[in-house]
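Peer 1: Generate coordinates for the sequence data below:
(one chain, ligands or ions: 1)
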Amino acid sequence: QASSALQGVKLMLTAGPTREAIDPVRYISNHSSGKMGFALAEAAVAMGAEVTLVSGPVTLATPRGVSRINVDSAEQMLTAVMQHIDQQDIFIGCAAVADYRVADVAAGKIKKSSETMQLALVRNPDILATVAALEARPFTVGFAAETHDVETYARDKLKRKNLDMIAANDVSVPGQGFNSDTNALRVFWPQGNQDLPATDKLSLAYQLLSLISTKITKK
Ligand code: C5P
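Peer 2: Numbering: from 1, shown residues only. Got it, this is the predicted structure:
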């Protein structure tokens, strides 16, 4: 499905999980595989875009032609994104960013002693909302994984984070979303919506990017 729909367009995306350190040997993370984000990066290159992929720790190979920046934590991801955001026409937040990080990362390995222990957590910055709040911002697209009331939550997120588009998936459906090779998306924007039925993530990536390409204005 290579085309020139994104010829000359600069696109940045985040993908994968983030890793929030507890001490030098431990972290908090999630099961995001990065597959959807990497599929979007691959498809965007094939459609002519100049692609910057800010990736959390994943085991996927970098698609040909993609500039990849590796990060661990949400704070590192935000820094990497902000360093290059002013040149972008499109930003897609695909990463499963940890909502919280450890308040005080231990300098040395924490030793076990008492039967219970408590970790204080603090909120991480919202990378997507930070980009969407920029004065001169790219066309900003978010993802939303929901288990119920998909449209209500997706539309609420679209509004609350001031996005141009949101792609929602129902993660309660087996074989969809996290770590899976296939997915189905329900895409919402302020004036409309479109359902992209279940298929492999690369086909979905092409369909989502085609939809985005009809709505953007190049820088
Ligand atoms: O609010 P929620 O986490 O459901 O929103 C998901 C969307 O927001 C995804 O596009 C995700 O990449 C982005 N996000 C982010 N930074 C965060 C949390 C979520 O960019 N700290």
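Peer 1: Pick out the residue closest to the middle of the chain.
Peer 2: Geometric centre of the chain, nearest residue: residue 94, 1.5 Å, by CA atoms, centre = their mean.
Peer 1: right, and it touches residue 36 too?
Peer 2: Yes. Between residue 94 and residue 36 there is a contact under CB atoms under 8 Å: 5.6 Å. To be clear about C-beta, it is placed using only N, CA and C from the backbone, and glycine gets the same treatment.
Peer 1: Now do the shared contacts for these two.
Peer 2: Residues within reach of residue 94 and of residue 36 at once, by CB atoms under 8 Å, 6 or more residues apart in numbering, are 15, 143.
Peer 1: neighbours of residue 198, just the number please.
Peer 2: Residues near residue 198, counting by other CB atoms under 10 Å, number 15.
Peer 1: ok, for it, nearest residue in space, not its chain neighbours?
Peer 2: Spatial nearest neighbour of residue 198, excluding adjacent residues (CB to CB, 6 or more residues apart in numbering): residue 184 at 3.9 Å.
Peer 1: Pull the contacting residues for residue 133.
Peer 2: Residue 133 touches residue 162, counting by CB under 8 Å, 6+ apart.
Peer 1: Against the ligand, how distant is the closest residue in space to the residue nearest to the centre of the chain that isn't next to it in sequence?
Peer 2: Closest residue to residue 94 apart from its sequence neighbours, by CB to CB, 6+ apart: residue 37 at 3.6 Å. Per CB to the nearest ligand atom, to the nearest Å, residue 37 is found 9 Å from the ligand.
Peer 1: hang on, residue 37 packs against residue 15?
Peer 2: Yes. Counting by CB under 8 Å, residue 37 does reach residue 15; the two are 2.4 Å apart.
Peer 1: Show me the shaky parts of the chain.
Peer 2: Across the chain, the ranges flagged by pLDDT under 70 are 177-179, 218-219.
Peer 1: near the ligand, which residues of it show up?
Peer 2: Taking CB under 6 Å from any ligand atom as the measure of proximity, the chain contacts the ligand at 14, 74, 93-95, 97, 124, 126-128, 142-144, 157.
Peer 1: Show the contacting residues for residue 151.
Peer 2: Residue 151 touches 168, 186, 188, 193, counting by CB under 8 Å, 6+ apart.
Peer 1: Residue 44 belongs to a helix, doesn't it?
Peer 2: Yes. Under DSSP: H, G, I helix; E, B strand; the rest coil, residue 44 falls within a helix.
Peer 1: thinking it is in contact with residue 51, fair?
Peer 2: Yes. Judged on CB under 8 Å, residue 44 makes contact with residue 51 at a distance of 4.9 Å.
Peer 1: Now do the shared contacts for the two.
Peer 2: Here residue 44 and residue 51 have 11, 13 as joint contacts, going by CB under 8 Å, 6+ apart.
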